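Visitor: what's the 3D shape of this:
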Amino acid sequence: MKYLESKLMRKLLGRLATGVFILLTFIGIKASQAQTIQVASLTMVSPGACPVAGCAAGQRLNMRGTFTIGDYDPTISPHVQICIYTPASWAATDLQIGANGLITGAAYQPGIAGCTSALPGGYTLLGGAAATFTDAFFGDSLDFAFRISSTASTTPNGTALIRIQEHTAQDVWTQTDQAFVLLPVIATGNPVYVANDAAACGSNSPGYINSGDDLVDGIGTGLKDAIDSHPADSKATSSILGNYQIKSNPVLLDKPHTLHGIGDARVTYSGSLCTQPILKITAGATIRDLTISDGACAATSRDLLQINSPADVLIVSNDLIDGKDAVSMADNTGNLILQFNQIQNNTGYGVFRAQGSSTGSITAIANNINNNRSGAQVDCASKGKAEHNFWGFGANLSTAVNLCTVTEGKQLGAPGLPRVGAAGIDGQRVTVGESMAYSFNDRVGYQRSSNGNDFEMFIVNHGSGSPENVPFIGGLPGSLIPCSSYWDVFLGEGAAPSPSQSLTLAGEAKSSSHSR
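Guide: Below is the predicted model of the structure:
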């Protein structure tokens, strides 16, 4: 009898609310969200849309279900159960459900005890949550998120589905509402692309874009989804597009992947929580062709790259700027190799290695490392070398580095020329063979004599046209008028040509031969 009275009262309240809603609408006053719920809906909140080709396997999605309630028996708890279904082909994982209803404020407890309706064909029950209400409401909204599995097969489309079960008389769960949303899903690949949103991703596919969360290890960023979309032992490439924004948590790169920038790509940050690094590298990786900065951070800056890896890490042709420590290396067994980078305007070290007994060492060669902290720009902790770098005009080599192997005379006398439309400096590491080969759009040729073996050589372009392009005059005006760029040419670390071997260098206008 109490149940029938309660149900009748809810119906009367529902009719009254409808009348009030009509009256409020007539006089121009908006009714509450709870009063305007008419039918259930399921929407993708973040990202706002999938890329053109579809959401890639491994992409995280934030969803919102909105539904009516009112048929439950208030004497039987819990009152309402939400059940979340996804296509079996998605193999979805990592379900997270909001703790409270957005309209009722009621606590939702994870569980699927009330999900008694028959499973739709081709679907799996991903999970669910149930709630008990202390007040009468006409409906509720609940947020949840999940990841399409990185192993998801290619499907033209798929439908995420929610069903609402209400606890009715005689302790029976009855389905009273449902909603779905159609999403295209595509398989992952190599390379993959990373952008802020679908518009920035364009036609690049498969594309990973930011979702709505800011969680540990970078969960909620398309970059973390891209990294996790391939096995731990793979060497996939994630190509960054545009001015890509991470969040306050660092993105964990825990696989031997390559992060690669296309064009003038950037990894940066626009928030104000500036206590953690931008990227954490723990399993060997290559970072190339990227500008990385901490963006809006001012009073406190973020380390840009924090490395703690048992495998080698290569950082080549990047701009690492406007952070705290540009590269911070923990005591581990992996070596760190830096080539052709601009490491400038950081409040801390350009490169710093922690003290310790592990064997990992630093090799910094052919970089611009200047205008960072006052004092030493690089600290190798007695485990590394920093030769052929530019330390700034008038810099004292003995104070520019700390506990690194450096040799007076083995420094760049002028900065390496910044690349046009890309990060890093205009330099190349080449192999000198018996046949003449050319680099830099045929502006520099090189060839060894027939005796001996091939060897490695570095070439750095200093550019021309202003005093700062001229090596070893300190950026001061001089009388030299070059007919082309100034070039720095030196052997790679460990290169060992035969003592009698000769090297021929060919420029744009003429060639010259030098014996070693």
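
Visitor: When you work out contacts or count neighbours from here on, use the C-alpha atoms and nothing else.
Guide: OK.

Visitor: separation between the closest residue to G507 other than its chain neighbours and C55?
Guide: Excluding the flanking residues, the one nearest G507 by Cα to Cα, 6 or more residues apart in numbering is V444, at 5.0 Å. Going from V444 to C55 by Cα to Cα, to the nearest Å gives 45 Å.

Visitor: So for these two, which sits in the more crowded spot?
Guide: With neighbours defined as other Cα atoms under 10 Å, V444 and C55 compare such that C55 has more, 27 against 16.

Visitor: Who is the more buried one paired with across the strands?
Guide: As for beta bridges, C55 partners with V185 under DSSP bridges.

Visitor: That one touches P184, doesn't it?
Guide: Yes: assessed by Cα atoms under 8 Å, C55 is found in contact with P184 at 6.1 Å.

Visitor: Mind checking what helix or strand follows the helix or strand where T286 lies in sequence?
Guide: Assigned by DSSP states H and E, T286 falls within strand 285-288. Remark: after strand 285-288, the chain's next helix or strand is strand 291-292, criterion DSSP H and E.

Visitor: Given the very next helix or strand once past that following strand, what are its sheet partners and their directions?
Guide: Using DSSP H and E, the helix or strand that follows strand 291-292 in sequence is strand 305-307. Applying DSSP bridges, strand 305-307 is found paired with strand 279-281 (parallel), strand 327-329 (parallel).

Visitor: follow-up on the earlier one: pLDDT on the strand holding T286, on average?
Guide: For strand 285-288, the mean pLDDT works out to 98.

Visitor: can you list the domain ranges for the chain.
Guide: The record, using automatic domain parsing to delimit domains, assigns the chain the ranges 1-31, 39-186, 192-372, 428-515.

Visitor: okay, these, which one's buried deepest?
Guide: Per residue and on average, the most neighbours among the domains of the chain fall to domain 192-372, with a mean of 22 (mean count of other Cα atoms under 10 Å).

Visitor: that older thread, now do the strand holding T286: which elements does it pack against?
Guide: strand 258-261, strand 313-316 (3 or more Cα pairs under 8 Å, 6 or more residues apart in numbering; DSSP states H and E).

Visitor: OK, contacts around D213?
Guide: Listed by Cα atoms under 8 Å, 6 or more residues apart in numbering, the contact set of D213 reads I219, G220, T221.

Visitor: again, only using 7 Å
Guide: Contact analysis of D213 by Cα atoms under 7 Å, 6 or more residues apart in numbering lists I219, G220.

Visitor: Can we start the residue count at 25 from this point?
Guide: In the new count, where the first residue is 25, that last one comes out as D237.

Visitor: what's the distance between it and S174?
Guide: For D237 relative to S174 (Cα to Cα), the value is 19 Å.

Visitor: Ok, H254 next?
Guide: Distance of H254 to S174, computed by Cα to Cα: 7 Å.

Visitor: who wins for proximity to F161 among the strands paired with strand 329-331?
Guide: Set against F161 and scored by Cα to Cα, the strands paired with strand 329-331 come closest in strand 303-305, at 45.2 Å.

Visitor: Run through who's touching that closest one.
Guide: Judged by Cα under 7 Å, 6+ apart, the contacts made with strand 303-305 from elsewhere in the structure are P274, V275, L276, L277, D278, L328, L329, Q330, I331, N332, S333.

Visitor: ok so, going back, which strand residues bridge the residue nearest to G531?
Guide: Applying DSSP bridges to V468 yields these beta-bridge partners: S463.

Visitor: My guess is it contacts Y462. True?
Guide: Yes: between V468 and Y462 there is a contact at 5.5 Å, judged by Cα atoms under 7 Å.

Visitor: Wasn't F514 part of a strand?
Guide: Yes: counting by DSSP: H, G, I helix; E, B strand; the rest coil, F514 is located in a strand.

Visitor: Hmm, F479 and it touching each other?
Guide: No: with contacts counted by Cα under 7 Å, F514 stays clear of F479, the gap being 11.1 Å.

Visitor: what's near enough to touch the closest residue to S141 other than its chain neighbours?
Guide: Spatially, and ignoring its direct neighbours in sequence, S141 is nearest to Q199 (6.9 Å; Cα to Cα, 6+ apart). Contacts for Q199 (Cα under 7 Å, 6+ apart) come out as S141, R187, I188, Q189, E190.

Visitor: give me the low-pLDDT residue ranges for the stretch 375-524 of the chain?
Guide: Counting by pLDDT under 70, the ranges of the stretch 375-524 of the chain that qualify are 498-506.

Visitor: swap in the stretch 125-274 of the chain?
Guide: Applying pLDDT under 70 to the stretch 125-274 of the chain flags residues 178-180.

Visitor: Please enumerate the helices of it.
Guide: Using DSSP state H, counting those that start in this stretch, the helices found in the stretch 125-274 of the chain span residues 222-225, 246-252.

Visitor: want to throw the ones you listed into TSV with distance to Y232?
Guide: Shown next, in TSV, are the helices of the stretch 125-274 of the chain (distance: least, Cα to Cα, whole Å):
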stretch	distance to Y232
helix 222-225	8
helix 246-252	5
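
Visitor: so which of these comes closest to N426?
Guide: Ranking these by proximity to N426 (Cα to Cα) places helix 246-252 first, at 34.4 Å.

Visitor: just checking, what packs against the closest one?
Guide: Contacts defined by 3 or more Cα pairs under 7 Å, 6 or more residues apart in numbering; DSSP states H and E place helix 246-252 against strand 216-219, strand 231-233.

Visitor: Bridging across strands, which residues link to A203?
Guide: Counting by DSSP bridges, A203 forms beta bridges with I186.

Visitor: What residues does it make contact with?
Guide: A203 makes contacts with A64, S65, L66, L185, I186, R187, as judged by Cα under 7 Å, 6+ apart.

Visitor: isn't the fifth one right up against Q202?
Guide: So that's I186. Yes: if you go by Cα under 7 Å, I186 and Q202 touch, sitting 5.5 Å apart.

Visitor: so how far is G226 from Q269?
Guide: Counting by Cα to Cα, the separation of Q269 from G226 is 17 Å.

Visitor: Quick check, T200 in contact with I188.
Guide: Yes: using Cα under 7 Å, T200 makes contact with I188 at a distance of 5.8 Å.

Visitor: rewinding a little: need the strands paired with strand 329-331 in CSV with distance to S488 and mean pLDDT, can you?
Guide: Below are the strands paired with strand 329-331 laid out as CSV (distance: least, Cα to Cα, whole Å; pLDDT from 0 to 100):
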stretch, distance to S488, mean pLDDT
strand 303-305, 35, 98
strand 351-353, 30, 98
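
Visitor: Same list (those strands) but as a markdown table, adding distance to K434.
Guide: A markdown table is the format used below for the strands paired with strand 329-331 (distance: least, Cα to Cα, whole Å):
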| stretch | distance to K434 |
| --- | --- |
| strand 303-305 | 30 |
| strand 351-353 | 22 |
